[in-house]
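Chemist: pasting a predicted model and its sequence here:
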Amino acid sequence: MLHRREIDRLIEQDRRDVLTVCLDTDPTKPENQRAEPAYRIWLRQALGAVLDRLPREKRREFSQLAQRVEAHIRDGRSLGRGIALYAAADLWKEYVLPVPVANVVRVGRPDVWPLLWASQEYPRHVILTVHRDQARLLVAYLGDAEVVEEEVLDLDTHDWRFKSGRPPSFTKGLGTGASRGAQRDTFDARVDAHLRRFWAGVAQATAAVVEEEGVDRLVIGGPEEAANATRDLLPETVRGRVVAVVPIPPQEEWPRIRQRVLAVAREAEARREAEVVRSLLEGEPGTAVVGVAGTLAALNRRQVATVVADRDLGGEIWQCDECGYATGERAESCPVCEGAMSALSPTQALPLLAYHNRARIEVVDGEGRLRPYGGLGALLRYEVRPAS
């Protein structure tokens, strides 16, 4: 399972010797159903083009990596709908993704953009399905889910006994006992008490998993009574992480439950993403910047809390090899330290810039709202006012 800390490790090492290969291997697409799928043809051509542009001393090193990667992809096992692969002399990291990703081949810094996008599009959720007599607790990530805890309430009411008492004398003439209703009420109350204890235990176990996994999104599914009762019994800090309560009939089979719950989780994530874009474009003055130049300037000042970027971000960023200063304008030498500047894809440069700012990166589809601004913006940690 891909964890965010693995992505961070790829970023923070600041390696310049990595071959990145990302491919759309979606087997449902006609072009990928041929004897030689389209992604393999594209990869062969792209690797050749990248190697041709390398200096002679690096070409042999990366040529060996390219051959190894091409052979692995040709093998064709477990490619999923998308794949991100990072290779170097002492590195081989492969991530099979449940969604197609753009075809990319890069040399130098690892391009983790597809991993960032996939991990945010399919973020980790704790999923709880709870009924009157059973509960299932799962952790879902990248469109998949694994059971981490399961519990069934063993409620054998046949052994329960109630004292009949002596019915009031006026009931004898009716041929019935007034205590029958009271007995039924007592029986139901005992069942309800057991259910409440069961749901309280489920809530406690759910809270523990949410905290242990460090997950801030919880989806609860089940009949309305059980789902809402369990939600209300959660600790307040965990209750605030519930993104949806999904009605699920008691006899629903797991594949349909999984489909419904994950769809709701995706919808909740889309709403959150839309709110991030809205905050960027419509927030209070001084709390955000938009555009490549403004965002890079804020990153250079260590001012950024969250980088917000279009998934299809393109162009070039020029960055100093010595001090890390970055600009969207072509530059041969750094204006800060006069070090040499290198041209990078934004998808290679931005993760490390964000890491140095201790900032998040939100990779969004955004419905094109960021495109007029070069596909880039930032929510600021603090405002820098211009000198008067």
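Modeler: Happy to help now that I have it. Residues are numbered from 1 along each chain as shown.

Chemist: mind listing the strands in the stretch 151-300 of the chain by residue range?
Modeler: 218-222, 242-247, 288-290 (DSSP state E, counting those that start in this stretch).

Chemist: comparing those strands, which comes out most buried?
Modeler: Highest mean neighbour count of the strands of the stretch 151-300 of the chain: strand 218-222, a mean of 25 (counted as mean count of other CB atoms under 10 Å). Placement of C-beta: from N, CA and C, glycine included.

Chemist: what's the distance between residue 8 and residue 131?
Modeler: Using CB to CB, to the nearest Å, we find residue 8 at a distance of 39 Å from residue 131.

Chemist: number of nearby residues for residue 240?
Modeler: Using other CB atoms under 10 Å as the criterion, residue 240 is surrounded by 10 other residues.

Chemist: over to it: give its phi and psi.
Modeler: The phi and psi torsions at residue 240 (degrees, to the nearest 10) take the values phi -70, psi -10.

Chemist: who are the contact partners of it?
Modeler: Contacts for residue 240 (CB atoms under 8 Å, 6 or more residues apart in numbering) come out as none.

Chemist: so what pLDDT did it get?
Modeler: Looking at residue 240, its pLDDT is 93.

Chemist: go on, residue 120?
Modeler: pLDDT recorded at residue 120 is 82.

Chemist: that one belongs to a helix?
Modeler: Yes. The assignment for residue 120 by DSSP: H, G, I helix; E, B strand; the rest coil puts it in a helix.

Chemist: please name the nearest non-neighbouring residue to it.
Modeler: Closest residue in space to residue 120, ignoring its immediate chain neighbours: residue 363 at 5.8 Å, by CB to CB, 6 or more residues apart in numbering.

Chemist: just confirm the one you found contacts residue 115, I think it does.
Modeler: No. With contact defined as CB atoms under 8 Å, residue 363 does not reach residue 115; the gap is 9.6 Å.

Chemist: so residue 378 bridges to which residues?
Modeler: Note on residue 378: beta-bridge partners by DSSP bridges are residue 289, residue 307.

Chemist: now do the same for the nearest residue to residue 81 once chain neighbours are set aside: helix, strand or coil?
Modeler: Distances taken as CB to CB, 6+ apart place residue 26 nearest to residue 81, at 4.4 Å, with adjacent residues excluded. Assigned state for residue 26: coil (three-state reduction, three-state DSSP).

Chemist: which residues does stretch 102-114 contact?
Modeler: By CB under 8 Å, 6+ apart, stretch 102-114 touches 7, 10-11, 14-24, 39, 42-43, 46-47, 50, 54, 58, 62, 82, 84, 86, 97, 101, 311-313, 344-345, 347-349, 351-352, 363.

Chemist: at 6 Å what do you get?
Modeler: With contacts defined as CB atoms under 6 Å, 6 or more residues apart in numbering, stretch 102-114 is touched by 7, 10, 16, 18-24, 42, 46-47, 50, 62, 84, 86, 101, 347-348, 351.

Chemist: in strands only, show me the residues you listed.
Modeler: 18-24, 84, 86 (DSSP state E).

Chemist: show me the two of these that sit farthest apart.
Modeler: 18 and 24 (20.3 Å; CB to CB).

Chemist: in the stretch 1-150 of the chain, where is pLDDT below threshold?
Modeler: 1-2, 78, 142-150 (pLDDT under 70).

Chemist: residue ranges for the helices of the stretch 101-250 of the chain, please.
Modeler: Secondary structure of the stretch 101-250 of the chain (DSSP state H, counting those that start in this stretch): helices at 113-121, 179-213, 224-233, 236-239.

Chemist: closest one to residue 272 among those helices?
Modeler: In this view, the helices of the stretch 101-250 of the chain are compared for proximity to residue 272 by CB to CB, and helix 113-121 is the closest at 9.5 Å.
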